[in-house]
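Asks: need coordinates for the below:
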Amino acid sequence: MPTPTTPVPAGAAALTPGPRGADTAALGPGTARAVLADLFGAAPARRCAALDHYAPGEPQWLLAEFGDGRITGACPAGEWRLSSADPHTAGLSAPAPAPDLSDAWRLLGAWVFSPSAQIHIAEAAEDSWLTRDSADLGDLPDWLRPRDRSFLLAGWHSGPRASRDLGGAIPFSIGRELSGTTACHPVSWRDFDIAPAAAACGGAAQEPAAVGSWLSVREYWGEDPATGAVGVVLHRLTGYHAGAKPTPPHRDALDSSADRLDHHLENRRAP
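Replies: Below you'll find the predicted structure:
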């Protein structure tokens, strides 16, 4: 028997839910090329002026995908450290675009971002878009509010060809998978582990923390106008981190023996 479907009003299926709580704006090809010029048009690289306009003084990061590799970088204050320009990582990185951007066709996409704003540059630098939080974010219902997430940068740390921290005033590391795949990360390297938590004031035990190296994002949700269904429709990169997991989900407290028994019984009752 065919699965019944929910009728959708004519024309509604063509509507794409917009990201709630996000302010997005087209910046155009001129901004795209200006951003790349700040990064690759001069040595040393300059802070991204376009991003500074929307997020002044914040640390900046770069994630750029090319047809022949990737370039990553970090600018915590006034100076960039780029994987394409660092002697420790240049061999693992895509080469930088020409200073005059005559080979911008190599670019598949780039994201220059800070904790509160992101500029996305399109393929071949043909366009660019800004994303940041909207002014009405606090008025959204709980189920439509943006959520912060973090993703573990995987790697391993045993042997001379393993993941390693490169040190320096601007943190950088090389993550190496067991498969041999490598990536240059603009963050200190921290192997994944579950760190025992220190006792809080009064001696109460706290939740153990997952530690590692992380890429954090903010996810924006949208609501289908025809069905009311909600889902993630946009992500904004927000930073690199080393140490404890920077975003939820976290548990408020350790399970007690009674909690674990309750969970076990509840699972047995589940259909």
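
Asks: low pLDDT regions in the chain?
Replies: Counting by pLDDT under 70, the chain contains low-confidence ranges at 1-15, 158-161, 197-206, 249-271.

Asks: how does it divide into domains?
Replies: Annotated domains of the chain cover 21-135, 142-252 [automatic domain parsing].

Asks: and these as a markdown table, adding mean neighbour count?
Replies: For the C-beta atoms, the positions are set from N, CA and C on the backbone; glycine is no exception. Listed next are those as a markdown table, based on neighbours: other CB atoms under 10 Å:
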| stretch | mean neighbour count |
| --- | --- |
| domain 21-135 | 18 |
| domain 142-252 | 15 |
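
Asks: show me the helices in the stretch 151-271 of the chain, by range?
Replies: 257-269 (DSSP state H, counting those that start in this stretch).

Asks: in it, which spans are strands?
Replies: 164-165, 173-176, 182-185, 193-195, 209-223, 230-244 (DSSP state E, counting those that start in this stretch).

Asks: packing partners of the fourth one?
Replies: Using 3 or more CB pairs under 8 Å, 6 or more residues apart in numbering; DSSP states H and E as the contact criterion, the neighbours of strand 193-195 among helices and strands are strand 209-223.

Asks: ok, the strand it packs on: who's next to it in the sheet?
Replies: strand 147-152 (antiparallel), strand 193-195 (antiparallel), strand 230-244 (antiparallel) (DSSP bridges).

Asks: and it, C-alpha only, in CSV?
Replies: Only the C-alpha atoms of strand 209-223 are listed here, as CSV (Å, rounded to 0.1, in the frame of the first residue of the first chain):
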residue,chain,number,x,y,z
ALA,A,209,35.0,16.8,29.7
ALA,A,210,35.7,15.7,26.2
VAL,A,211,39.0,17.4,25.0
GLY,A,212,40.5,17.6,21.6
SER,A,213,40.8,20.1,18.7
TRP,A,214,37.5,21.4,17.3
LEU,A,215,35.9,23.4,14.6
SER,A,216,32.8,25.2,15.9
VAL,A,217,29.7,26.2,13.9
ARG,A,218,26.4,27.9,14.5
GLU,A,219,23.5,26.2,12.8
TYR,A,220,20.4,28.2,11.8
TRP,A,221,17.0,26.5,11.5
GLY,A,222,14.1,27.2,9.1
GLU,A,223,10.4,26.3,9.2
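
Asks: re the thing from before, which of the strands paired with strand 209-223 sits closest to residue 32?
Replies: Within these, the stretch nearest residue 32 is strand 230-244; the backing value is 16.7 Å (CB to CB).

Asks: in contact with the closest residue to residue 229 other than its chain neighbours, which residues?
Replies: Nearest non-adjacent residue to residue 229, counting by CB to CB, 6 or more residues apart in numbering: residue 223, 7.3 Å away. By CB atoms under 8 Å, 6 or more residues apart in numbering, the contact set of residue 223 is 17, 20, 144, 229-230.

Asks: same thing with residue 48?
Replies: Here residue 48 is in contact with 35, 38-39, 60, 75, 112, 119 (CB under 8 Å, 6+ apart).

Asks: closest one of those residues to residue 82?
Replies: When the contacts of residue 48 are compared for distance to residue 82 (CB to CB), residue 39 wins out at 7.2 Å.

Asks: any idea which element that closest one lies in?
Replies: helix 28-40 (DSSP states H and E).

Asks: so what touches that helix?
Replies: 45-51, 62, 73, 80, 82, 96-99, 101, 104, 107, 110, 112, 119, 121-122, 125-128.

Asks: contacts for the helix or strand following that helix, please.
Replies: Downstream of helix 28-40, the first helix or strand assigned by DSSP H and E is helix 49-54. Defining contact as CB under 8 Å, 6+ apart, one finds that helix 49-54 is touched by 27, 31, 34-35, 38, 60, 112-114, 116-117, 119, 130, 132.

Asks: perfect, I'm done here.
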